[in-house]
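quick one: sequence and predicted model below, then my questions.
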Amino acid sequence: MKTLNSQKIFTQAKDVLVGGVNSPVRSFKGVGGNPLVMKYGKGSQIHDEDGNAYTDYCLSWGALIWGHAHHNVVLAAKKNAERGISFGTTTRAEIDLAQHIVSCVPSIELIRFVNSGTEATMSAIRLARGFTKRSLIVKFDGCYHGHADDLLTTAGSGVATLHASSSAGIPQSHVENTLSLPYNDIETLKQTLKKHHENIACVIIEPVAGNMGVIPANKDFLKTLRELTQKHNIVLIFDEVMTGFRTSLGCVQGETGIIPDLTCLGKIIGGGFPIGAYGGRKDIMQHLAPLGGVYQAGTFAGTPVVMRAGLAALKLLNENFYKKLNERAEQLSSSVNHFFEQNKIPAHLSSYKSMMSLRFRREPVQNYSDAQAASGGLQYAQLFHHLLQRGIYWPPADLEAFFLSGMHTKKELKALEEALKNFFLIPSSNAKA
Ligand SMILES: Cc1ncc(COP(=O)(O)O)c(C=O)c1O
């Protein structure tokens, strides 16, 4: 595969962009080799600067449920760009997208648009603290909620009282305000809330984790979480930045019937443009400025081009669409998993509908330490390059999820299935990568 142009451009990128990228996970650090520089995308396909085409299963980290440059989304963006790009005032476009989301997502009565998932979670936490007048937040190991100081913290090894940050530059005071617990562990959750409930403002969780590979929270765990947070007046925040509108119109909360107090959204709701949103119970949301004392603002929040593009993408989604997408996903995962079982290969695809990840072991994965143990490391890197050689683009990091879009054809999914099988059946293809 010729990648000379990508390499040349990436060398230039390194002169002016930190590490040549604007987000670390794009750097191929996790898989080795030079990052590819993409030039254009249409439907399920992306094309690099050397003219190589790939079927894209990364999909801008899950944002592109309609693949690249969907006609309706592009048209909506174009039409609205011509009418003025940003006003810094209320526009009809914001109201239309807000009404649509409120009508779909059970927990959301009032919503605030921001520009990224990070902004959404960061602001939701501030709101929860302002509402409860408490400081502590609880999160779960391996869940990623963006890069706000309070959220880049993990306890590690499931010890809730040990505080350690995942990044340099985070003041100890932030670390001390965050308790990170093992995912799916009811006992630790109960003990922690019993001990600290008077100081806990909120619990934030990905109800289906997608940032330690895909791990759906157990129903009993979520149920207990909802009951305990309700009992102690702790704000429960579902981070559905990744799952929002990926699995159904009602999102994971609609599917499980477990309704949080606040919900964070992003990715899909912008149709591929930068966006974030948080919303929920009216009595909590009304604590936000200008109605209440919790401040949060944004020059570009609710930009009409983004709102219209997002609404165009969301308006195309319906029950039939999800049924078909989820069936295709199910077909892929059951066929690959059947192959692994038959050939006694220590791997499985863990999935929640159209979000999936490959685990390099047979046993199910329940939490972050399981996910790390099953992450594959070098083997994932080899698999990544094996797929790349066959025109398939997966996320360049082993704990990331991959996604299907409405644009992937049966033929493309079959090609992915075959490429996965080949990798595990033909050891020489691993060695070559
Ligand atoms: C669940 C979840 N929350 C929050 C974020 C942060 O969103 P953004 O990258 O738009 O800041 C991400 C990003 O991948 C995410 O997956």
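Looks like it arrived, so ask away.

now do the contacts for the closest residue to the ligand within the stretch 151-300 of the chain.
Going by CB to the nearest ligand atom, the ligand is nearest to Val241 of the stretch 151-300 of the chain, at 3.5 Å. In short, each C-beta sits where N, CA and C put it, glycine included. Going by CB atoms under 8 Å, 6 or more residues apart in numbering, Val241 touches 117, 120-121, 145-146, 264-267, 276.

one more: Val73?
66, 271-272, 309, 312-313.

please check those residues and keep the buried ones.
Neighbour-count burial (16 or more other CB atoms under 10 Å) applied to these gives 66, 271-272, 309, 312-313.

got phi/psi on Ile205?
phi -150, psi 150 (degrees, to the nearest 10).

okay, now it: neighbour count?
Look at Ile205: counted by other CB atoms under 10 Å, it has 24 neighbours.

with the one 4 residues further on instead?
Using other CB under 10 Å, Ala209 is surrounded by 31 other residues.

burial of the residue nearest to it when sequence neighbours are not counted, as a residue count?
Spatial nearest neighbour of Ala209, chain neighbours left out: Ile215 (4.3 Å); criterion: CB to CB, 6 or more residues apart in numbering. Using other CB under 10 Å, Ile215 has 28 neighbouring residues.

any chance you could map the helices in the stretch 251-400 of the chain?
Ranges of helices in the stretch 251-400 of the chain, per DSSP state H, counting those that start in this stretch, are 251-256, 282-285, 304-315, 319-342, 368-373, 378-389.

could those go into CSV alongside distance to the ligand?
Putting the helices of the stretch 251-400 of the chain into CSV (distance: least, CB to the nearest ligand atom, whole Å) gives the following:
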stretch, distance to the ligand
helix 251-256, 11
helix 282-285, 19
helix 304-315, 12
helix 319-342, 18
helix 368-373, 14
helix 378-389, 18
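
strands along the stretch 151-300 of the chain, start to end?
153-154, 164-165, 178-181, 200-205, 208-209, 215-216, 235-239, 262-266, 276-280 (DSSP state E, counting those that start in this stretch).

export those as CSV, with columns for distance to the ligand and mean pLDDT.
As requested, those are exported to CSV (distance: least, CB to the nearest ligand atom, whole Å; pLDDT from 0 to 100):
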stretch, distance to the ligand, mean pLDDT
strand 153-154, 15, 70
strand 164-165, 17, 69
strand 178-181, 15, 94
strand 200-205, 9, 98
strand 208-209, 8, 98
strand 215-216, 12, 98
strand 235-239, 5, 99
strand 262-266, 5, 99
strand 276-280, 6, 99
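
for those, give me a markdown table that also has distance to Gly250.
Formatted as a markdown table, these follow (distance: least, CB to CB, whole Å):
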| stretch | distance to Gly250 |
| --- | --- |
| strand 153-154 | 30 |
| strand 164-165 | 35 |
| strand 178-181 | 27 |
| strand 200-205 | 17 |
| strand 208-209 | 13 |
| strand 215-216 | 15 |
| strand 235-239 | 12 |
| strand 262-266 | 11 |
| strand 276-280 | 14 |
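
so which of the ones you listed comes closest to Met355?
Across the strands of the stretch 151-300 of the chain, Met355 has its closest neighbour in strand 208-209 (6.9 Å, CB to CB).

show the average pLDDT along stretch 286-303.
Average pLDDT, stretch 286-303: 98.

give the contact list for the residue lying closest to His232 once chain neighbours are set aside.
In space, His232 comes closest to His197 once its chain neighbours are excluded; the distance is 3.9 Å by CB to CB, 6+ apart. His197 is in contact with 228, 232, 234, counting by CB under 8 Å, 6+ apart.

grab the nearest non-local neighbour of the last one.
This points to Ile234. Nearest non-adjacent residue to Ile234, counting by CB to CB, 6+ apart: Ile200, 5.0 Å away.

and what of the first one?
Once its chain neighbours are removed from consideration, Leu228 has its nearest residue in Leu193; the separation is 5.0 Å (CB to CB, 6+ apart).

write out the residues of this protein neighbouring the ligand.
61, 116-118, 121, 144-146, 206, 210-211, 239, 241-242, 266, 276 (CB under 6 Å from any ligand atom).

go again using 5 Å as the cut-off
Applying CB under 5 Å from any ligand atom, we find that the chain lies next to the ligand at 116-118, 145-146, 206, 239, 241-242, 266.

run a quick neighbour tally on the nearest residue to Asn199 once chain neighbours are set aside.
Spatial nearest neighbour of Asn199, chain neighbours left out: Leu136 (4.6 Å); criterion: CB to CB, 6+ apart. Using other CB under 10 Å, Leu136 is surrounded by 21 other residues.

ok, Leu136 touching Val175?
No - using CB atoms under 8 Å, Leu136 makes no contact with Val175, being 11.7 Å away.

who touches Met38 in this structure?
So Met38 contacts 46-49 (CB under 8 Å, 6+ apart).

may I have the beta-bridge partners of it?
Counting by DSSP bridges, Met38 forms beta bridges with Asp48.

for Asn211, give me its contacts.
For Asn211, the contact set (CB under 8 Å, 6+ apart) comprises 142-144, 242, 399-401.
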